[in-house]
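K.L.:
3D model of this:
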Amino acid sequence: MTAEREVLTCTRLSKHYQQADEPLIVLQDVNFSVGKGERVSIVGASGSGKTTLLNMLGGLDDPSAGTVAVSGSELGPMNESQRARWRNRHLGFVYQFHHLLDEFSAAENVAMPLLISGIPRKQALDRATELLSAVGLEKRSGHRPNQLSGGERQRVAIARALVNKPSAVLMDEPTGNLDPHTAETVLNLLDELNEAFHISFIVVTHDDRVASRMDRVMRLSDGRLDLQMAEPGQ
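P.N.:
Numbering: from 1, shown residues only. Next up, the predicted model:
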């Protein structure tokens with residue numbers, strides 16, 4: 001993988017917490033890169049540090065050591081304001097729970113990252129409507145979250161993550177709160193969006209079925225990422 005195709009790289013990433021007389025090691029010397037349009041899953045048991053790793057990749061938490069670079073720029077030297085702007089421009093986020101704002105419509109929720117970055121409201125809503133159409137919700141754009149099903153809310157969250165045309169989308173158990181049929185629908189949607197927009201997906205999951213849909217599977221255990229990348233489906 002050539003450096004110019006890498007959209008996210010972490011180098012010797014570690015996270016320690018001081019606990020009583022000795023440090024609690026959550027992550028130790030994690031190294032990997034993600035290429036443009038690549039779909040990567042990170043699997044591991046509950047408490048293995050998957051969410052901590054994802055938060056550091058997104059600049060939401062600081063590592064104890066090591067570096068994270070997104071679209072060619074290291075997050076560490078940035079101040080909080082710079083990091084927030086870079087994150088809003090280059091990264092999207094999807095969580096197990098959709099985190100939509102109840103008082104706003106689906107289109108307004110999707111448009112929120114654009115509005116925050118100063119894009120005019122009409123332009124932001126037009127872009128949001130395009131994304132809602134891409135996820136099959138063009139007729140639900142005026143509905144608020146409490147008027148949508150769980151699967152529809154998650155699709156709105158995915159559209160919101162894509163609205164800024166990010167380099168990569170970080171996903172934390174994106175199907176964990178969905179029934180099997182709806183989860184399959186969402187996974188099929190991710191395949192279609194990846195093919196259409198060539199955006200990289202980094203998916204943290206404990207579900208091997210979800211992981212097997214990605215291009216690469218990496219396993220997190222005892223604070224370390226397995227460097228022998230498993231083939232999907234194994």
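K.L.:
residues in contact with the residue minimising distance to the centre of the chain?
P.N.:
For the chain, residue 170 is the residue whose C-alpha lies nearest the centre (Cα atoms, centre = their mean; 1.2 Å). Residue 170 sits next to 54, 57, 58, 91, 92, 93, 94, 202, 204 when contact means Cβ atoms under 8 Å, 6 or more residues apart in numbering. C-betas here are computed from N, CA, C, even on glycine.
K.L.:
ranges for the strands of the chain?
P.N.:
6-19, 22-35, 39-43, 65-70, 73-74, 91-95, 168-172, 200-205, 216-221, 224-225 (DSSP state E).
K.L.:
the second one: which residues count as buried?
P.N.:
For strand 22-35, a neighbour-count test (16 or more other Cβ atoms under 10 Å) marks 25, 26, 27, 28, 30, 32, 33, 34, 35 as buried.
K.L.:
strands paired with that strand, and their directions?
P.N.:
Its sheet considered, strand 22-35 pairs with strand 6-19 (antiparallel) by DSSP bridges.
K.L.:
so the strand it pairs with versus strand 200-205, what angle?
P.N.:
Interaxial angle of strand 6-19 relative to strand 200-205 (axes from the mean of the first three to the mean of the last three Cα atoms, to 10 degrees): 30 degrees.
K.L.:
tell me the gap between strand 6-19 and the middle of its chain.
P.N.:
In terms of Cα atoms, centre = their mean, to the nearest Å, the centre of strand 6-19 is found 16 Å from the chain centre.
K.L.:
convert the C-alpha atoms of that strand to CSV, please.
P.N.:
Output of strand 6-19 as CSV, limited to C-alpha atoms (Å, rounded to 0.1, in the frame of the first residue of the first chain):
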residue,chain,number,x,y,z
GLU,A,6,-3.3,5.7,2.9
VAL,A,7,-6.2,7.6,4.4
LEU,A,8,-5.5,6.6,8.0
THR,A,9,-2.3,5.4,9.7
CYS,A,10,-1.5,4.6,13.3
THR,A,11,2.0,4.0,14.5
ARG,A,12,3.0,2.4,17.9
LEU,A,13,-0.3,3.5,19.3
SER,A,14,-0.6,2.8,23.1
LYS,A,15,-3.1,3.6,25.8
HIS,A,16,-2.3,3.2,29.5
TYR,A,17,-4.2,4.2,32.6
GLN,A,18,-2.7,4.5,36.1
GLN,A,19,-4.4,2.1,38.4
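K.L.:
thinking residue 224 is in contact with residue 31, fair?
P.N.:
No - contact criterion Cβ atoms under 8 Å: residue 224 and residue 31 do not qualify, at 9.8 Å.
K.L.:
just checking, what's the longest helix in the protein?
P.N.:
helix 180-197 (DSSP state H).
K.L.:
now do the contacts for residue 38.
P.N.:
Shown in contact with residue 38 (Cβ under 8 Å, 6+ apart): 200, 201, 215, 216.
K.L.:
wait, doesn't the first one sit right on residue 35?
P.N.:
Right, residue 200. Yes - here residue 200 lies in contact with residue 35, judged by Cβ under 8 Å, at a distance of 7.0 Å.
K.L.:
tell me which other helices or strands the helix or strand of the chain with the lowest mean pLDDT touches.
P.N.:
One helix or strand of the chain scores below all others by mean pLDDT, DSSP states H and E: strand 224-225, with a mean of 80. Here strand 224-225 touches strand 22-35, going by 3 or more Cβ pairs under 8 Å, 6 or more residues apart in numbering; DSSP states H and E.
K.L.:
shaky segments in the protein?
P.N.:
Filtered on pLDDT under 70, the chain yields the residue ranges 1-4, 227-234.
K.L.:
can we see that at 50?
P.N.:
The chain contains residues with pLDDT under 50 at 1-4, 228-234.
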